[in-house]
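Novice: heads up, no residue letters with this:
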């Protein structure tokens with residue numbers, strides 16, 4: 001049976017795969033495991049993004065927490081990084097985010113943070129999962145005064161805004177910025193933060209109705225933002241995803257600036273200012289080869305991990321790095337928060353623009369992006385790890401690896417959160433790598449059934 005927890009918590013289609021019952025069980029089992037490690041009633045903070053299933057699952061989660069005698073704090077709609085920060089700030093024992101990040105509205109997810117704002121260890125996740133699979137047999141059922149209580153924190157988002165503003169001393173008066181909030185959790189916190197710093201903000205997709213989150217907007221659909229930046233003659237555009245833990249940007253010419261480029265810009269600036277720990281940035285194997293070349297030129301060590309922000313974070317903590325992230329725009333500033341934070345990423349990027357006086361189009365030239373092709377093969381979720389069991393797929397991968405040896409690379413990996421196998425090829429000729437990557441993705445799709 002597949003593991004319940006993936007690389008980014010528990011994910012699925014809300015109300016069929018991720019049901020209120022499962023949410024309640026996760027709340028009860030999670031609180032029980034925490035109770036076993038403490039001599040007092042634990043308190044768990046819960047927040048969600050704007051999708052319509054958020055309240056349903058959050059209330060089920062809270063019911064599960066309270067049913068085993070633990071207490072809950074409900075903070076409502078907040079970015080994922082806000083929950084990570086506030087879990088530690090409020091000194092609660094754990095935090096839970098109800099979100100499916102950049103995915104469409106029908107999906108949702110449940111992600112835990114420990115009391116220090118970090119994702120739970122595999123060992124604790126396994127204990128929670130085992131309790132659910134065993135039919136919740138070791139879960140307590142207190143009565144009377146033993147049942148847990150719920151506290152509602154309507155001030156939580158202001159706490160996060162204040163924390164973000166304090167990280168960088170900056171005046172943004174005179175800057176015009178277009179922000180795409182993805183109809184998600186950034187709709188208030190990001191716009192208010194930048195307005196408080198003096199920027200002129202043009203906000204798009206900041207009217208969430210529960211069903212429009214990530215719908216042709218945000219960091220996965222940049223077309224409208226890019227066009228709006230040019231039309232408004234703004235200095236740049238900022239694009240968040242549904243739970244605001246990612247950031248991509250558009251320069252003043254309406255060209256996309258991806259996570260690799262943002263890290264290169266900020267990392268180079270931090271090194272120049274003596275703020276980049278160990279002169280090291282932690283990235284994943286999906287990061288463009290041009291990033292490594294940038295590091296060699298700038299005297300920055302580029303450390304690589306498996307794909308997934310949890311692996312980036314683990315390696316950052318192991319080696320004492322304070323900057324790391326992914327091409328997708330999930331960037332971690334470990335001195336300031338314990339997870340990817342789109343708002344912090346935006347503030348750090350704006351700091352470089354203000355300090356240097358250079359436009360984003362010039363700053364992004366710090367690295368050259370080598371041609372890269374990425375295609376997804378849709379496969380059954382329970383079989384996405386099995387693609388190497390098919391000889392025709394293995395043979396084709398070997399042929400492509402031999403073809404691109406020395407002047408590119410081939411990377412195939414199952415998605416940690418979706419029923420996909422991702423095919424990425426880097427090489428010199430964009431048309432050629434597009435053709436080969438698309439062909440391999442189609443082969444995987446028709447073979448893994």
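Specialist: That came through fine. Given the structure is predicted, the values throughout are model-derived calculations rather than measurements.

Novice: could you pull out the helices for the stretch 301-449 of the chain?
Specialist: Using DSSP state H, counting those that start in this stretch, the helices found in the stretch 301-449 of the chain span residues 309-319, 342-356, 360-363, 391-404, 430-447.

Novice: what are the ranges of the strands in the stretch 101-250 of the chain?
Specialist: Secondary structure of the stretch 101-250 of the chain (DSSP state E, counting those that start in this stretch): strands at 107-114, 150-152, 176-180, 200-204, 236-240, 247-250.

Novice: domains in this protein, as residue ranges please.
Specialist: 10-156, 172-256, 258-344+358-368, 372-447 (automatic domain parsing).

Novice: Can you pull the poorly scored residue ranges out of the chain?
Specialist: 1-2 (pLDDT under 70).

Novice: Quick one: distance of the strand or helix carrying residue 268 to the chain centre.
Specialist: Assigned by DSSP states H and E, residue 268 falls within helix 259-272. Distance, stretch centre to chain centre, for helix 259-272: 18 Å (CA atoms, centre = their mean, to the nearest Å).

Novice: chain center to the next helix or strand along the chain from that helix: distance?
Specialist: Using DSSP H and E, the helix or strand that follows helix 259-272 in sequence is strand 280-284. Distance of strand 280-284 from its chain centroid, counting by CA atoms, centre = their mean, is 16 Å.

Novice: just stretch 215-228 next, same as before
Specialist: Per CA atoms, centre = their mean, the centroid offset for stretch 215-228 relative to its chain is 17 Å.

Novice: ok, now stretch 250-260?
Specialist: Mean-position distance between stretch 250-260 and its chain equals 19 Å (CA atoms, centre = their mean).

Novice: thinking again about what came up before, looking at the domains of the chain, spot the one closest to residue 162.
Specialist: The closest of these to residue 162 is domain 172-256. By CB to CB, the value is 9.1 Å. Any C-beta I mention is one placed from the backbone N, CA and C, and that applies to glycine too.

Novice: distance between the ends of that closest one?
Specialist: By CA to CA, to the nearest Å, the extent of domain 172-256 from end to end equals 22 Å.

Novice: Go ahead and confirm residue 120 touches residue 127.
Specialist: No: Residue 120 lies out of contact with residue 127 (CB atoms under 8 Å); the separation is 9.4 Å.

Novice: Save the strands of the stretch 101-250 of the chain as CSV, and put in distance to residue 136 and mean neighbour count too.
Specialist: Formatted as CSV, the entries for the strands of the stretch 101-250 of the chain read as follows, by distance: least, CB to CB, whole Å; neighbours: other CB atoms under 10 Å:
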stretch, distance to residue 136, mean neighbour count
strand 107-114, 16, 24
strand 150-152, 21, 13
strand 176-180, 42, 24
strand 200-204, 44, 18
strand 236-240, 37, 29
strand 247-250, 39, 28
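
Novice: what's the closest of those to residue 217?
Specialist: Minimum separation from residue 217 across those (CB to CB) falls at strand 176-180, 5.7 Å.

Novice: List the strands paired with the closest one, with their directions.
Specialist: Partners of strand 176-180 in the sheet, by DSSP bridges, are strand 200-204 (parallel), strand 236-240 (parallel).

Novice: so can I have JSON lines of those showing distance to residue 140?
Specialist: Shown next, in JSON lines, are those (distance: least, CB to CB, whole Å):
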{"stretch": "strand 200-204", "distance to residue 140": "46"}
{"stretch": "strand 236-240", "distance to residue 140": "40"}
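
Novice: Give me the packing partners of the host helix or strand of residue 60, helices and strands only.
Specialist: Using DSSP H and E, residue 60 sits within helix 54-67. Using 3 or more CB pairs under 8 Å, 6 or more residues apart in numbering; DSSP states H and E as the contact criterion, the elements in contact with helix 54-67 are helix 20-36, strand 43-48, strand 71-77, strand 94-98, strand 107-114.

Novice: Which of the ones you listed has the highest mean neighbour count?
Specialist: strand 94-98 (a mean of 28; mean count of other CB atoms under 10 Å).

Novice: just checking, what packs against that one?
Specialist: If contacts are counted by 3+ CB pairs under 8 Å, 6+ apart, strand 94-98 sits against helix 20-36, strand 43-48, helix 54-67, helix 80-89, strand 107-114.

Novice: tilt between it and strand 43-48?
Specialist: 20 degrees (axes from the mean of the first three to the mean of the last three CA atoms, to 10 degrees).

Novice: Can you name the residues in contact with strand 94-98?
Specialist: Here strand 94-98 makes contact (CB atoms under 8 Å, 6 or more residues apart in numbering) with 9, 23, 27, 30, 34, 42, 44-49, 54, 57-58, 61, 80, 83-84, 86-87, 108-115, 117, 120, 243.

Novice: roughly how far apart are the residue sitting furthest away from the middle of the chain and residue 402?
Specialist: Centroid-distance maximum for the chain: residue 144 at 40.1 Å, with CA atoms, centre = their mean. When distance is defined by CB to CB, to the nearest Å, residue 144 is 70 Å away from residue 402.

Novice: Check residue 20 too.
Specialist: For residue 20, the distance to residue 402 (CB to CB) stands at 51 Å.

Novice: same question, residue 383
Specialist: Computed as CB to CB, the residue 383 to residue 402 distance reads 27 Å.

Novice: Looking at these two, which is more packed in?
Specialist: residue 383 (15 against 10; other CB atoms under 10 Å).

Novice: before we move on, the earlier item: the residue farthest from the centre of the chain: what's it in contact with?
Specialist: Residue 144 neighbours (CB under 8 Å, 6+ apart): none.

Novice: Okay, angle between the helix holding residue 268 and strand 280-284 too, please.
Specialist: Using the same axes, to 10 degrees: helix 259-272 against strand 280-284 is 170 degrees.
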